[in-house]
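Engineer: Test case, fold it:
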Amino acid sequence: MVSWLDVYNVFSATVPLYVSMILGYLSTKHLNLFSLEQCVGINKFIAKFSIPLLSFQVISQNNPFTMSLRLILSDILQKILAAVVLAVVIRFWHPTGGRGGKLGWIITGLSVTVFPNTLIIGIPILSAIDGDAAKNILVQIVVLQCLIWSNILLFLFEINATWDLQSSGASIEHRVNDNEETDIEQEPIEEEEAIVRTRSSGTGKILVKAWRKFIVNPNTYAAMIGLIWATLHFRLGWKLPEMIDKSIHLISDGGLGMAMFSLGLFMASQSSIIACGTKMSIITMILKFILGPALMIASAFCIRLRGTLFRVTILQVNNLNFPPQKTIMVKGPGLYTEIGKKARDLLYKDYQGDQKLSVTTYSSTGVAITTTGTNKGDLFVGDVTTQVKNKNFTADIKVATDSSLLTTFTYDEATPGLKAIVSAKVPDQKSGKVELQYLHDYAGICTSVGLTASPIVNFSGVVGNNVLALGTDVSFNTQSGDFKHFNAGFSFTKDDLIAALTLNDKGDKLNASYYHIVNPLSNTVVGAEVTHSFTTQKNAITVGAQHALDPLTTLKARVNNDGVANALIQHQWRPKSFITVSGEVNSRAIEKGAKVGFALALKP
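Structural biologist: As a prediction, this is how the structure comes out:
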């Protein structure tokens, strides 16, 4: 279980960083200690000296001859997947209010999704969680990020910025002053320059101008020199002179605090802490905490990362502070639909006001046939379901009284933890769907795509473990370009309780649920659910309980704030066969009488 020492270690690593950020924010926003020019100077010092020297220090201490090839391949694959996914999304949905066109949004998406602040935040946090093992792995990720990905991202930024200026009728003139600082000036395009800038040479000039800005970035040189020195140090045993080594440490050791301080200065310079708005903040969190880890899980699964290496690669994507478990994980966070499921089953499962009969039989070949009929007042509905299993493959065919035919094909454990599902309903031509589910000790992913020309794409993902889980559920309509829904949820599970918090209906409804096992011997459980609607400002409260009279008989009851009370008794009179009697009374409409439901399920 999670110890207080684990929690203390994480807080000890993170609090000092945010103290620096808060000091930077307060010193500018409220104390007025720094002017705008001074803030720019502080930021330039950090960008030109502190962070490059910190990168050099970290990279030069990494042994390039012992780097994990699987980690490198997994990291590369994650970036490729992210670029493809973002390009597809931007192709169908182009956000408004930003700059830089589609390339700008792809760059922003990559920055948020797969470029974590590993150097500044990741190393302190994960070192506190997993010690030197995590730090050694993270250093390898820092090397890749500083040498390759940050430079590629910077080059794309420069291309995008130069492209925008070219499109808006401005040119960029690079001038290097005596302090070797590069200034960028925008000037109107002169007539003769406009003539020279033709369609054939425009792309080349954009690349040249972007390259000129790119090659003066000190972090690029720091990373390359750090790698060269690490090669010499670990191959030939060379060491830096003590005076040079101490000079580097003196500046780089303050790099973490200075970087966070500069972030506070930047926040103070904005009109609002959340400068991008609530909608973009929600999208950013989905990219950061769901899509990023999901892509890392997918790439790690393809490369077959395991153990500490896998855990660190997942956590470094978004620096989630999930303390490690000291026992072997036997169950992960599950799918998003399992957040709050225990409480929902306690409060709503098996309650009904109709009469239902279900009979299941098995043929000699193992085919299961289930016939179900439900009497709903003046309406009777029924269906017949046939299920065939062959090893990991399952086929379900369901024929209903409304003349519909539902077919579902499931292939379980195609690879460890992966399930594939294909379903379609006739005559509905838009019901075809392909669904993939992946379960891991630290993640659960479910994604589905409709089999139509303009499909609805669903994605839900959960990261965490069997104690803490954070997830989201998103549905996107490619035809209208709108989100059909996006939900987010969090759950906490202990030995005898489960608490869950979800945000549904595009942020309109906040749902909190609680499930507590009072006595496991008698299966005595209590639970509650509270839902608040921000639109109507109304609350819905439901509380319930269950108790086992004996190993075969269970009592359940619930009541809500509308005065509706339900109760049921369920008896297992033979293995897998249940008889359930339930009733409902509305205390605010006693004259309507009680509703009584009956269900009988027979299985051999």
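Engineer: Tell me where the longest helix sits in this protein.
Structural biologist: helix 4-29 (DSSP state H).
Engineer: by how many degrees do the following helix or strand past that helix and helix 4-29 diverge?
Structural biologist: In the C-terminal direction, the helix or strand that comes right after helix 4-29 (DSSP states H and E) is helix 36-45. When axes from the mean of the first three to the mean of the last three Cα atoms, to 10 degrees is applied, the directions of helix 36-45 and helix 4-29 differ by 140 degrees.
Engineer: Flag every buried residue along helix 36-45.
Structural biologist: The neighbour-count check on helix 36-45 (16 or more other Cβ atoms under 10 Å) flags 39, 42-43 as buried. In short, each C-beta sits where N, CA and C put it, glycine included.
Engineer: between these, which is nearest Thr535?
Structural biologist: Within the buried residues of helix 36-45, proximity to Thr535 (Cβ to Cβ) peaks at Cys39, which comes in at 41.0 Å.
Engineer: got the contact list for the closest one?
Structural biologist: Taking Cβ atoms under 8 Å, 6 or more residues apart in numbering as the criterion, Cys39 is in contact with 28, 265-266, 269.
Engineer: Distance check, it against Asp75.
Structural biologist: 34 Å (Cβ to Cβ, to the nearest Å).
Engineer: Regarding Gly373, what is its secondary structure?
Structural biologist: In terms of secondary structure, Gly373 is strand; the call rests on DSSP: H, G, I helix; E, B strand; the rest coil.
Engineer: and it, what is it in contact with?
Structural biologist: With contact taken as Cβ under 8 Å, 6+ apart, Gly373 is in contact with 356-358, 380-382.
Engineer: And those residues, which is the shakiest by pLDDT?
Structural biologist: Going through the contacts of Gly373 one by one, the lowest pLDDT turns up at Phe380, 89.
Engineer: distance of the closest residue to that one other than its chain neighbours from Ala601?
Structural biologist: By the measure of Cβ to Cβ, 6 or more residues apart in numbering, the closest residue to Phe380 outside its immediate chain neighbours is Gly373, 6.7 Å from it. Using Cβ to Cβ, we find Gly373 at a distance of 12 Å from Ala601.
Engineer: do the same with Ala400
Structural biologist: For Ala400, the distance to Ala601 equals 18 Å [Cβ to Cβ].
Engineer: try Gly109
Structural biologist: Separation of Gly109 from Ala601 (Cβ to Cβ): 49 Å.
Engineer: Look at those two and report which has more neighbours.
Structural biologist: Residue environment comparison for Gly109 versus Ala601 gives the larger neighbour count to Gly109, 22 against 18, counting by other Cβ atoms under 10 Å.
Engineer: Just to be sure, that one is in a helix?
Structural biologist: Yes. With three-state DSSP as the criterion, Gly109 is part of a helix.
Engineer: and it, how far is that from Val467?
Structural biologist: 31 Å.
Engineer: how distant is stretch 342-359 from the center of its chain?
Structural biologist: Averaging C-alpha positions (Cα atoms, centre = their mean, to the nearest Å) puts stretch 342-359 32 Å from its chain's average.
Engineer: now stretch 533-547
Structural biologist: Using Cα atoms, centre = their mean, the distance from the centre of stretch 533-547 to the centre of the chain it belongs to is 27 Å.
Engineer: Kindly report the same for stretch 439-448.
Structural biologist: Mean-position distance between stretch 439-448 and its chain equals 11 Å (Cα atoms, centre = their mean).
Engineer: where do the helices sit along the stretch 251-400 of the chain?
Structural biologist: For the stretch 251-400 of the chain, the helices defined by DSSP state H, counting those that start in this stretch occupy 255-269, 278-286, 292-303, 307-318, 341-348.
Engineer: Poorly predicted segments of this protein, please.
Structural biologist: Within the chain, the ranges that satisfy pLDDT under 70 run 1-7, 10, 94-101, 116-138, 162-207, 209-210, 213-214, 273-277, 301, 303-331.
Engineer: Show me the domain layout of it.
Structural biologist: By the record's domain assignment, the chain is partitioned as 4-318, 336-602 (automatic domain parsing).
Engineer: same for the longest helix of the chain, what does it pack against?
Structural biologist: Using 3 or more Cβ pairs under 8 Å, 6 or more residues apart in numbering; DSSP states H and E, the elements in contact with helix 4-29 are helix 123-130, helix 255-269.
Engineer: Which other helices and strands does the longest one contact?
Structural biologist: So the one you mean is helix 255-269. Using 3+ Cβ pairs under 8 Å, 6+ apart as the contact test, the elements touching helix 255-269 are helix 4-29, helix 36-45, helix 51-60.
Engineer: report the angle between the axes of the second one and helix 255-269?
Structural biologist: The one in question is helix 36-45. 150 degrees.
Engineer: starting at the chain centroid, how far to helix 36-45?
Structural biologist: Computed by Cα atoms, centre = their mean, the chain-centroid distance of helix 36-45 equals 34 Å.
Engineer: hey, C-alpha coordinates of it in CSV?
Structural biologist: Listed next in CSV are the C-alpha coordinates belonging to helix 36-45 (Å, rounded to 0.1, in the frame of the first residue of the first chain):
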residue,chain,number,x,y,z
LEU,A,36,8.7,43.9,-18.2
GLU,A,37,12.2,44.5,-19.5
GLN,A,38,13.7,42.9,-16.3
CYS,A,39,11.4,39.9,-16.8
VAL,A,40,12.7,39.5,-20.3
GLY,A,41,16.3,39.7,-19.1
ILE,A,42,15.7,37.1,-16.5
ASN,A,43,14.1,34.8,-19.0
LYS,A,44,17.0,35.3,-21.4
PHE,A,45,19.5,34.4,-18.8
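Engineer: burial count for the closest residue to Ser587 other than its chain neighbours?
Structural biologist: With Cβ to Cβ, 6+ apart as the criterion, Ser587 has its nearest non-adjacent residue at 3.9 Å, and that residue is Gly563. The local packing count at Gly563 equals 12, with neighbours defined by other Cβ under 10 Å.
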